[in-house]
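Novice: coords please:
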Amino acid sequence: MKKALIIDDERLARSELKKLLADHPEIVVVGEAVNAKDGIEKIENLHPDLLFLDIQMPDKTGFDLLAELEKSPQVIFTTAYDEYALKAFEYNALDYLLKPVEPKRLADAIHKLHQQDEKDRLAASGGIRTLLSENDQVFVKDGDRCWFVKLQEIRLFESVGNYARVYFEGNKPLILKSLNALEERLDERVFFRANRKHIVNLRMIEKIDTYFNGGLLLEMKGGEKIEVSRRQAVKFKEMMSL
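Specialist: A predicted model of the protein is given here:
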């Protein structure tokens, strides 16, 4: 069973989608939100597994909403516009439904959701994957180039759609791995999730400055400047304090 939150400023669109979802009892609508701000509050309170997320809303877009989340539930975009499809999939969207939503397209999207869950289940049943220590070496391949690099030499992982860019020495290869999947394998005493797009190696931080809205700005040994979101800044300070 999946807990779903519908975020859409159009009452009629929310109502129609709820009616269609009644044919999919495995999806339980736990709430509705009328804009991005309302959506963020309800995500924090209701902890949904799945968002049906409109893109164009009065205050902020659906993309703006996702950018403010540290971790996003699974997302199916629902929108009246087709020009955002490519950008939607940069946010790892499961699907992109045009309004008015057709029952067949909704069924296809939910089928994708089940397929993704099955992939995750199979990956998990493949054995409990141990945490990688900073002394472990990992194989990195990008196109024709390959590296065997120690984790302690990696200063930064950056999310790029379904890929992650790995920063070490003067190299920045792309690997087909989500930031969430990487985070599960990395030792949190060494690697820290600074924001939605970046995991940093704590031992590779050169300088720390205060930043806007209670956040922090990290300067890495390679010169990259990484913002730590306000929420993660609190966690960062707790971790790094005596």
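Novice: Student question: in this protein, what's the helix or strand with minimum average pLDDT?
Specialist: helix 85-90 (a mean of 69; mean pLDDT, DSSP states H and E).
Novice: I'd like the distance from the helix or strand just after that helix to the chain centre, please.
Specialist: As assigned by DSSP states H and E, the chain's next helix or strand after helix 85-90 is strand 95-98. Chain-centre distance of strand 95-98: 18 Å, with C-alpha atoms, centre = their mean, to the nearest Å.
Novice: again, but for stretch 197-209
Specialist: 19 Å.
Novice: Show me which positions of it end up buried.
Specialist: Of the residues in stretch 197-209, 197-202, 204-205 count as buried by neighbour count, 16 or more other C-beta atoms under 10 Å. Bear in mind the C-beta positions are built from the backbone N, C-alpha and C, glycine included.
Novice: What are the boundaries of the helices in the protein?
Specialist: Counting by DSSP state H, the chain has helices at residues 11-21, 36-46, 62-67, 85-90, 103-125, 179-185, 230-240.
Novice: contacting residues around the last one?
Specialist: Spelled out, that is helix 230-240. 70, 192-195, 202, 211, 213-216, 228 (C-beta atoms under 8 Å, 6 or more residues apart in numbering).
Novice: could I get stretch 140-150 in CSV with only the CA atoms?
Specialist: This file holds the C-alpha atoms of stretch 140-150, laid out as CSV (Å, rounded to 0.1, in the frame of the first residue of the first chain):
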residue,chain,number,x,y,z
VAL,A,140,34.4,4.0,-11.7
LYS,A,141,33.7,3.8,-15.4
ASP,A,142,32.7,6.7,-17.7
GLY,A,143,32.6,5.8,-21.4
ASP,A,144,36.0,4.4,-22.3
ARG,A,145,37.8,5.6,-19.2
CYS,A,146,38.0,3.6,-16.0
TRP,A,147,39.4,4.3,-12.5
PHE,A,148,39.9,2.3,-9.4
VAL,A,149,39.7,5.0,-6.7
LYS,A,150,39.7,5.0,-2.9
